[in-house]
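Chemist: requesting a structural model of the entry that follows:
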Amino acid sequence: MNSVIAETRFSVLDRSRTREGHDGPEALRDTVRLARDVEALGYHRFWVSEHHGVPGVAGSAPTVLAAAVAAATRTIRVGTGGVMLPNHQSLVVAEQFGVLESLFPGRIDMGLGRSVGFTDGVRKALGRDKHDAEDFAARLADLLAWFRGTSGTGVRARPAEGLTVPPYVLAMGEGATIAAEAGLPMVIGDLRSREKMLHGIDQYRAAFRPSPWLAEPYVVISGNVAVAGTQEAARRLLLPEAWSMAYSRTHGTFPPLAPAERVASLTMTEKERGFYEAGLRGQLHGTEERVADELEAVLKESGAQEVLVTTSTYDRAGLLDSFRRLARLAGLTPGGGPDRSW
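Modeler: Below is the predicted model:
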């Protein structure tokens, strides 16, 4: 096994995607089951996401879901990828993570993003608008102040104050600079846009300022990674998500994930086909040997310390097999003991 891969942490983000013929509650239970499975395979952390009013996504309350995942597991770190700060008051976010850290000490991560609601209707329902993402740096500083007891409000965030819950910034666009100036770890994707990703990492490292949270830059690269016995089998795992993304860009809504066989037989419009093919290009997929070679290349290019795998597909057995194969090529230790470090 390549030493670069062996020195890299591997983690999982699950978006609780719904599947045709299966409802939202089942998608949430699938997320909890997957967390137990990848913990047994030796993955470092398991994150859940925040989406509001999206038909194909059941994960709308990440801290609630993270609590269920943490309660169902023993050793894996659990967190969010991420809580969208513009959607929430920072005191409430601090309190929620304070409760999580109090219940599951040393296992909770606080992944934070700057996106607002998916549509105008969702933003209105949340009491937010597009411009709320513009002051993300200030919102982030405000949130961290609650943990340090320096909010200056006379109010104390209980039980968050004094606790250490590692914060991570989902660094899309200018997020790389925000993460660097705050001295926080950066999560950047996706692996398809290699040049853009590497540019963001360079920006982050150049602007990084040591902080009480982190002394040196820490980079997590995220994206789809599909591993199977053949190249074609791995590609099939990517088809449902590629079609869902293509459909969303042409119809304005995410559909549930469809079986790969049905996706492959669809008659698509020219526009749909364009988005669909674009969604498949550049994804890391194939046999263990091929994916190992591709991972080695991207890790050497990026210098990242961690890979956050975000693969979604209709075939749950195939997805778990992919994670099992990836764990094997990465040299993860099945059922390993707790790793409380970031």
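
Chemist: in the protein, where is pLDDT below threshold?
Modeler: 1-2, 53, 117-120, 123, 126-127, 129-134, 173, 336-338 (pLDDT under 70).

Chemist: how much space between the residue of the chain positioned farthest from its centre and Leu320?
Modeler: For the chain, the largest distance from the centre (CA atoms, centre = their mean) belongs to Gly154, which lies 34.3 Å off. As judged by CB to CB, to the nearest Å, Gly154 and Leu320 stand 50 Å apart. (Glycine included, C-beta is placed from N, CA and C.)

Chemist: do the same with Ser244
Modeler: 20 Å.

Chemist: neighbour-wise, which of the two wins?
Modeler: Just comparing Ser244 and Leu320: by other CB atoms under 10 Å the higher neighbour count belongs to Ser244, 25 against 15.

Chemist: I'd guessed the more buried one sits against His251; true?
Modeler: No. Counting by CB atoms under 8 Å, Ser244 does not reach His251; the two are 10.5 Å apart.

Chemist: so which residues of the stretch 101-250 of the chain form helices?
Modeler: 120-126, 136-148, 175-182, 194-207, 231-251 (DSSP state H, counting those that start in this stretch).

Chemist: between the fourth one and helix 175-182, how many degrees?
Modeler: For the pair helix 194-207 and helix 175-182, the angle between their directions (axes from the mean of the first three to the mean of the last three CA atoms, to 10 degrees) equals 20 degrees.

Chemist: contacts for helix 194-207, please.
Modeler: 171, 176-177, 179-181, 186, 188-191, 217, 219, 221, 282, 298, 301-304 (CB atoms under 8 Å, 6 or more residues apart in numbering).

Chemist: show me which positions of it end up buried.
Modeler: For helix 194-207, the neighbour count (16 or more other CB atoms under 10 Å) marks Arg194, Met197, Leu198, Gly200, Ile201, Gln203, Tyr204 as buried.

Chemist: closest one of those to Val309?
Modeler: The closest of the buried residues of helix 194-207 to Val309 turns out to be Met197 (CB to CB; 15.1 Å).

Chemist: where's the residue nearest to Pro185 when sequence neighbours are not counted relative to Thr8, distance?
Modeler: Using CB to CB, 6 or more residues apart in numbering and skipping residues adjacent in sequence, the residue nearest Pro185 is Tyr218, 3.9 Å away. Separation of Tyr218 from Thr8 (CB to CB) stands at 12 Å.

Chemist: what does Ser115 give?
Modeler: On the measure of CB to CB, Ser115 and Thr8 end up 27 Å apart.

Chemist: thinking again about what came up before, adding distance to Val83, write the buried residues of helix 194-207 out as a markdown table.
Modeler: Shown next, in a markdown table, are those (distance: CB to CB, whole Å):
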| residue | distance to Val83 |
| --- | --- |
| Arg194 | 28 |
| Met197 | 23 |
| Leu198 | 27 |
| Gly200 | 21 |
| Ile201 | 23 |
| Gln203 | 23 |
| Tyr204 | 20 |
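
Chemist: nearest to Phe104 among those residues?
Modeler: So of the buried residues of helix 194-207, ranked by how close each gets to Phe104 (CB to CB), first place is Tyr204, at 28.8 Å.

Chemist: before we move on, back to that, is it true that the residue nearest to Pro185 touches Gly183?
Modeler: No. The pair Tyr218 and Gly183 does not pass the contact test of CB under 8 Å, sitting 10.0 Å apart.
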